[in-house]
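Sequence first, then the predicted structure:
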There are 2 protein chains.
Amino acid sequence: MKITHTIKACENCIFRNLLFGSLNQQEYRLVNSVRAEKVFFKGEIIKHEGDNLTSFLYLRTGLVKLYKTDHAQKDHILSIHKPGDFISLLHIFSNEFYPYSIAALEKTEVCEVSIDSIKNLIKTNGDFAIDVVKRMGIISDEVISSRFNKAQLHIRGKVASIILYFSDQVYKAHQFKLPVTRREIAELIAMSTENVIRTMSEFKNDNILQFNGKEIIISDYERLLNISKMG
Amino acid sequence: MKITHTIKACENCIFRNLLFGSLNQQEYRLVNSVRAEKVFFKGEIIKHEGDNLTSFLYLRTGLVKLYKTDHAQKDHILSIHKPGDFISLLHIFSNEFYPYSIAALEKTEVCEVSIDSIKNLIKTNGDFAIDVVKRMGIISDEVISSRFNKAQLHIRGKVASIILYFSDQVYKAHQFKLPVTRREIAELIAMSTENVIRTMSEFKNDNILQFNGKEIIISDYERLLNISKMG
DNA sequence: CGCGGCTTTGATGTTCATCAAGTAAAGTGG
DNA sequence: CCACTTTACTTGATGAACATCAAAGCCGCG
């Protein structure tokens, strides 16, 4: 079950200039030389909570969840991340140990760069340092404001927000295969699985959503959007 | 009501080496030259949501809240910050506008340094850049994990967490003047004011807390700690 | 001293968790 | 490929947790 493959094509990575745009040829070659690329399949664990953090990770393709497991073996999901997100950027400079587990929700390609080379680049390339702090601000703001907004909502608003996240941010479509179970949605919004299911059934009865196996179809986007804001 | 004084003594600021430890004399003098120090009294607003963000702020003394006001004029508090915290560090590099309002909960002394000089230091002093990303990681982790942990708790656990924050992190005492109203606690944990009051009355009846005017006394710290973890 | 904001308690209804029970789907070993 | 096991999904019933409404006391401040 623990199968990981190494991939190679990264020179033309579309996310390269998201963070590495200000590197010169020599610096970029250095990053390349210490970079590892790995593929994780659905369900595979990329990092365990408490693992030593020696590298900086970003997603090329796929989807991952960050989560913690409590004393009763119940998981609590902090966030879900999509391609282009720099997973460990927030903790890599301040924590020796990574405080969350990371698991693949779909087949996921991850790029891994050693923390030391990133630190060296920050020290020697001022423009890269500025890019890093900008990117850190954006990532932390996404996690913080997402949690802050959802804290004010009832279960209908929370569930609507999650579905809209997949529709707007990940798949950019009104029809897609839901990459998480109902239980995982519950773990993400801190509600019971049964009530997540009931809420989604309500959305179906109200002709806001349709289900076709694992496929989900948003039939009334405007109402779903409204519920995610007001509900 | 809008009275702000300028203070001067900063050379020996105890928080200086929290972020500025790696600056040389010349760099430090530069920061000093563009720095403004201000005093805000209880209730004063330091920044309004949406204000243009041209400076970087940190607290010398006092206490502030970060919050947003919704369409119904109800406030929602994101976080409370204590001396040593760098308030705008997370957003200053990525957002033109500050997404929260900041208000003083007590008399508060704030240091303000222009964003441009901070950016220049990041570009030219690699060690300072490393300090900034470390500090950003710590700040974001505090906000994120505080919200994440409280999301799992019932109201007793949430209220207990808030009281312990003031006891452990701010006043470092089991007896102190509560700097927030019951309504503000409610705004911070997204619960109704009435139920915050009821919960605190329960703690009083259970001999966990005592009240003496605005003073709060933690009589059974162990139980309060336990409630903040399990409750 | 009176006004507004903070605090408190009680009553009532809504939202949600939990328990129970069953169906469907997906993975596992022979 | 089929029996078997586990996991995901679903619905209903019940009670706990919480919001809301109402009424009243308190306190600081102009």
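Great, that's in hand. Nothing here was measured: the structure is a model prediction, and the numbers come from that model.

After the lengthiest helix in chain A, which helix or strand is next?
Ranked by number of residues, the top helix in chain A under DSSP state H is helix A:126-151. Past helix A:126-151, further along toward the C-terminus, the next helix or strand under DSSP states H and E is helix A:155-164.

Is that following helix in proximity to DNA strand C?
Yes - between helix A:155-164 and DNA strand C, judged by Cβ under 7 Å from any atom of the strand, the touching residues are A:155-156. (Each C-beta comes from the backbone N, C-alpha and C, glycine too.)

Pull up the pairing partners for the helix or strand that comes right after that helix, direction included.
Following the chain from helix A:155-164 toward its C-terminal end, the next helix or strand by DSSP H and E is strand A:175-177. As defined by DSSP bridges, the strand partners of strand A:175-177 come to strand A:215-218 (antiparallel).

in the partner strand, what's buried?
Within strand A:215-218, the residues that qualify as buried by neighbour count (16 or more other Cβ atoms under 10 Å in any protein chain shown) are A:216, A:218.

pull the CA atoms of that strand into PDB?
What follows is strand A:215-218, C-alpha atoms only, in PDB (Å, rounded to 0.1, in the frame of the first residue of the first chain):
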ATOM      1  CA  GLU A 215     -20.500  13.100  -8.700                       C
ATOM      2  CA  ILE A 216     -22.000  16.200  -7.300                       C
ATOM      3  CA  ILE A 217     -23.900  18.800  -9.400                       C
ATOM      4  CA  ILE A 218     -24.600  22.300  -8.200                       C
END
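
which residues sit against that strand?
With contact meaning Cβ atoms under 8 Å, 6 or more residues apart in numbering or on different chains, strand A:215-218 is reached by A:163, A:167, A:174-178, A:208-211, A:224.

Can you tell me which of those residues is nearest DNA strand D?
residue A:211 (6.0 Å; Cβ to the nearest atom of the strand).

now that closest one, what's its secondary structure?
Classification of residue A:211 using DSSP: H, G, I helix; E, B strand; the rest coil returns strand.

Spell out which parts of chain A neighbour DNA strand C.
Taking Cβ under 7 Å from any atom of the strand as the measure of proximity, chain A contacts DNA strand C at A:154-156, A:190-192, A:194-195, A:213-214.

Need these in a markdown table (columns: neighbour count and pLDDT).
Output for the residues of chain A next to DNA strand C, formatted as a markdown table (neighbours: other Cβ atoms under 10 Å in any protein chain shown; pLDDT from 0 to 100):
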| residue | neighbour count | pLDDT |
| --- | --- | --- |
| A:154 | 12 | 98 |
| A:155 | 17 | 98 |
| A:156 | 20 | 98 |
| A:190 | 16 | 98 |
| A:191 | 16 | 98 |
| A:192 | 11 | 98 |
| A:194 | 11 | 98 |
| A:195 | 15 | 98 |
| A:213 | 7 | 88 |
| A:214 | 10 | 90 |
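
could you flag which of the contacts of strand A:215-218 are buried?
Buried subset of the contacts of strand A:215-218 (neighbour count, 16+ other Cβ under 10 Å): A:163, A:167, A:176, A:178, A:208-209, A:224.

check those against DNA strand D, which are close?
When Cβ under 7 Å from any atom of the strand is taken as the criterion, no member of those contacts DNA strand D.

Up against chain B, what does chain A have?
Proximity of chain A to chain B, by Cβ under 8 Å from any Cβ of the partner chain, involves residues A:68, A:70, A:76, A:78, A:90-95, A:99, A:119, A:122-124, A:126-127, A:129-130, A:132-138, A:140-141, A:143-145, A:147-148, A:151-152, A:190.

Distance-wise, check residue A:220 relative to DNA strand C.
Counting by Cβ to the nearest atom of the strand, to the nearest Å, the gap between residue A:220 and DNA strand C amounts to 20 Å.

What is the burial count for that residue?
Counted with other Cβ atoms under 10 Å in any protein chain shown, the burial measure for residue A:220 works out to 16 neighbours.

dump the residue contacts of the most centrally placed residue in chain A.
Note on chain A: the residue nearest the mean C-alpha position is residue A:81, at 0.7 Å, using Cα atoms, centre = their mean. Taking Cβ under 8 Å, 6+ apart, we find residue A:81 in contact with A:59, A:63-66, A:87.

so what secondary structure elements neighbour the helix or strand harbouring residue A:202?
Under the assignment given by DSSP H and E, the secondary-structure element containing residue A:202 is helix A:193-205. In terms of contact count using 3 or more Cβ pairs under 8 Å, 6 or more residues apart in numbering or on different chains; DSSP states H and E, helix A:193-205 is assigned the packing partners helix A:155-164, helix A:182-189, strand A:209-212.

May I see the buried residues of that helix?
Along helix A:193-205, the positions that meet the burial threshold by neighbour count (16+ other Cβ under 10 Å) are A:196, A:199-200, A:203.

Then stretch A:45-57?
Buried residues in stretch A:45-57, counted by 16+ other Cβ under 10 Å: A:46-47, A:53, A:55-57.

check whether it contacts DNA strand D.
No - in terms of Cβ under 7 Å from any atom of the strand, no part of stretch A:45-57 sits within range of DNA strand D; the closest distance is 14.3 Å.

Touching that stretch from outside, list them.
A:36, A:40, A:64, A:68-69, A:86-89, A:91-92, A:95-104, A:108, A:110-115, A:118.

Also stretch A:219-226?
Against stretch A:219-226 from outside (Cβ under 8 Å, 6+ apart): A:160, A:163-164, A:167, A:174, A:203, A:206-210, A:218.

one more time with 10 Å
For stretch A:219-226, the surrounding residues in contact (Cβ atoms under 10 Å, 6 or more residues apart in numbering or on different chains) are A:156-157, A:159-161, A:163-164, A:167-168, A:174-175, A:203-204, A:206-210, A:218, A:227, A:231.

most surrounded residue in the contacts of residue A:81?
Using other Cβ under 10 Å as the neighbour criterion, residue A:64 leads those with 27 neighbours.

so it sits right up against residue A:85, yeah?
Yes - with contact defined as Cβ atoms under 10 Å, residue A:64 reaches residue A:85; the gap is 8.4 Å.

shared neighbours, those two?
Once Cβ under 10 Å, 6+ apart is applied, the residues that residue A:64 and residue A:85 both contact turn out to be A:57, A:79.

Can you pull out the low-pLDDT segments for chain A?
Scanning chain A with the threshold set as pLDDT under 70 gives A:1-12.

Quick check: residues of chain A near DNA strand D?
A:181-183, A:193-194, A:197-198, A:200-201, A:211.

and these as TSV, adding distance to residue A:14?
Compiled in TSV, those are given as follows (distance: Cβ to Cβ, whole Å):
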residue	distance to residue A:14
A:181	29
A:182	32
A:183	33
A:193	36
A:194	40
A:197	37
A:198	40
A:200	33
A:201	38
A:211	32
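
Filter the contacts of stretch A:45-57 down to just the ones in helices.
With helices taken from DSSP H, the overlap with these comprises A:115, A:118.

Select only the buried ones of the contacts of stretch A:45-57 in PyMOL?
Burial among the contacts of stretch A:45-57 is assessed by 16+ other Cβ under 10 Å; the matching PyMOL selection reads:
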select buried, chain A and resi 40+64+68+86+87+88+89+91+92+98+99+100+101+102+103+104+108+110+111+112+113+118
